[in-house]
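# quick one: sequence and predicted model below, then my questions.
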Amino acid sequence: MIIYLCNFLSSIIDMSISTLQTIERRPKRFRLSNIIIYITAILIVLLLVFFGKSIFAYLKSLGGKSAITVDVSYGRAEVFINDESIGITPVEFKEIKPGANKVTIKSATRQYETTVNFLSNNNEYIHNVGIFRDLGVSDLFSSGRDLWFDESTSEIVLRIISEPTGASVFIDNTEIGKTPFTSVKLTEGDYDLRVEKVGFEPQKDRIRIQKGYTSNVSVKLFPTPVPARADPFEGSDNLYDLSSDNNQIVSDTQTWAKAVIYWNQTRGVNLEGIGLNKELVFDYYLDYKGDIYDARGNLAAEPEALEELKTAVRGAYLGRISDGLGLTEMAREALQSFRTETSGPQETKVRILPTGTGWLRVRSEPDTASSELAKVDEGKEYVLLEDGEEWVKIKASDTIEGWVSKRYVETVTPVTEEEPSMMEEAAPPPAETTPEEPAPEITT
């Protein structure tokens, strides 16, 4: 384009000279109109010279284009440059006008927007902008990396910022500082970058250092909504403790519940060390304020919503570590009410007391002559089906119901499995040294 403009100016000058020579050879009556043409040509030349610098700068900006690469971690999203769609992720677009441009990434439920300065590519360097995001479920529970170049006005060759700040920066697996971070020491080339902070998912990328330019990296870290291993409360089989000390996480428990669901589906949840599970593992969520959410993270406040949770078994407790161990009083009351409303009256249970053998026989009838159906372990609890003077009928399993000696059981106050802090210690064993009636029967 610049060569074309020079050729154009040269042709104007040649035309002007030719016009002058023609004027000299023609009769005088033709000279007036030719003089007007000549003056016009001179004015054009003068204007081009006067505005030449601006024109050359403009034409130079048209000489190179900028490029961008955009992708999202999970699902698909549409990408817009200055509100004009350029495609569905993953996107590589190489026809962007240099300068500041607005980039928008939209999924069905979330969007991310930023403004980036684009440099034009040339024969020596490619200055691609890279934007890689996990749109997540909210501004807090999301992550990503934005990478771009600036023409260097100092010795800085790498600049890294992060949210939150204070994250550790690793180059080729060597920690070199904390964010916000700048470096003047890296030589030209490609490097492995990792940014991490305790309680957040690390971010990794491959970055390039180019001579005469500053490589910029903006990192957003995803706060982990579940511990690396989720364990139930002591004494409970089905209520898992997900308590956190991150004030941002605990401030909005409904969004936290949705983040747990999203994390479960995208990364997986490790229950009791058995490995990551990407199938939904929690049927409901209980927070420290006493609010209950269903398996989709929706608040279950109305009777109809609670009715849908009748079959809920495995729950997650969204608590604050600062509140101490166990459930808060509000959470305990809400759980008790929830279980009462969804399950009706609580089932009475009996706990098997120490027998001296570690187990107790379950019989088909309430006498020692009847057949043995099973053995139940001391310390465990079973649903009480029928209460007699010397024997009680229990539900030993999903398929076995039978009678055990009343001397070796105690009635447990109806509570939910999910309230370990309300479980009482077993009473001291009775004075008898043998379970049931004759000691010889125990040993046969």
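Looks like it came in fine.
# which stretches in the chain count as helices?
Secondary structure of the chain (DSSP state H): helices at 2-25, 31-50, 52-63, 247-250, 253-266, 303-307, 329-343, 439-443.
# lowest-confidence stretch among these?
Set side by side, the helices of the chain differ in mean pLDDT, and helix 439-443 is lowest with a mean of 38.
# contacts only, for the closest residue to residue 119 other than its chain neighbours.
In this structure, residue 119 finds its nearest non-sequential neighbour in residue 127, 4.0 Å apart by CB to CB, 6 or more residues apart in numbering. Backbone N, C-alpha and C define where each C-beta goes, glycine included. Residues counted as contacts of residue 127 (CB atoms under 8 Å, 6 or more residues apart in numbering) are 66-67, 118-121, 148-149, 210, 213.
# what's the separation between residue 127 and residue 100?
Per CB to CB, to the nearest Å, residue 127 is found 14 Å from residue 100.
# ditto for residue 246
Residue 246 is 34 Å from residue 100, where distance means CB to CB.
# out of the two, which sits in the busier spot?
Ranked by neighbour count (other CB atoms under 10 Å), residue 246 and residue 100 place residue 246 first, with 17 against 10.
# show the pLDDT at that one.
96.
# what's the local residue count around residue 228?
Neighbours around residue 228, by other CB under 10 Å: 9.
# same question for residue 88.
Each residue near residue 88 was counted by other CB under 10 Å, and the total is 12.
# surely it and residue 72 touch.
No - here residue 88 does not reach residue 72: they are 10.0 Å apart, not a contact under CB atoms under 8 Å.
# can you give me the strands in the stretch 201-350 of the chain?
Ranges of strands in the stretch 201-350 of the chain, per DSSP state E, counting those that start in this stretch, are 203-209, 213-220, 222-223, 239-241, 269-270, 276-277, 284-287, 292-294, 315-318, 349-352.
# got JSON lines for these, with mean neighbour count too?
Putting these into JSON lines (neighbours: other CB atoms under 10 Å) gives the following:
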{"stretch": "strand 203-209", "mean neighbour count": "16"}
{"stretch": "strand 213-220", "mean neighbour count": "21"}
{"stretch": "strand 222-223", "mean neighbour count": "22"}
{"stretch": "strand 239-241", "mean neighbour count": "22"}
{"stretch": "strand 269-270", "mean neighbour count": "22"}
{"stretch": "strand 276-277", "mean neighbour count": "12"}
{"stretch": "strand 284-287", "mean neighbour count": "26"}
{"stretch": "strand 292-294", "mean neighbour count": "23"}
{"stretch": "strand 315-318", "mean neighbour count": "25"}
{"stretch": "strand 349-352", "mean neighbour count": "21"}
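# of those strands, which is nearest residue 190?
Residue 190 lies closest to strand 203-209 among the strands of the stretch 201-350 of the chain, at 5.2 Å (CB to CB).
# ok, and for stretch 234-250, which residues are buried?
By neighbour count on 16 or more other CB atoms under 10 Å, the buried set for stretch 234-250 is 236, 238-244, 246, 249-250.
# do stretch 286-305 as well
Quick answer for stretch 286-305 (16+ other CB under 10 Å): 286-288, 290-295, 297, 300.
# please apply the same query to stretch 174-185.
Within stretch 174-185, the residues that count as buried by 16+ other CB under 10 Å are 179, 181, 183.
# likewise stretch 272-283?
By neighbour count on 16+ other CB under 10 Å, the buried set for stretch 272-283 is 281-282.
# what's the end-to-end length of it?
End-to-end distance for stretch 272-283: 17 Å, by CA to CA, to the nearest Å.
# who touches it?
229-232, 240, 260-261, 264-271, 294-295, 309, 311-316.
# go with 7 Å
Contacts to stretch 272-283, defined as CB atoms under 7 Å, 6 or more residues apart in numbering, come from residues 229, 231, 261, 264-265, 268-271, 295, 312-316.
# could you do stretch 253-267 as well?
With contact meaning CB under 7 Å, 6+ apart, stretch 253-267 is reached by 74, 136-138, 141, 225-226, 242, 249, 278, 280-281, 285, 287, 289, 291, 293, 296-297, 299, 316, 318.
# centre of the chain to it, how far?
Offset of stretch 253-267 from its chain centre (CA atoms, centre = their mean, to the nearest Å): 8 Å.
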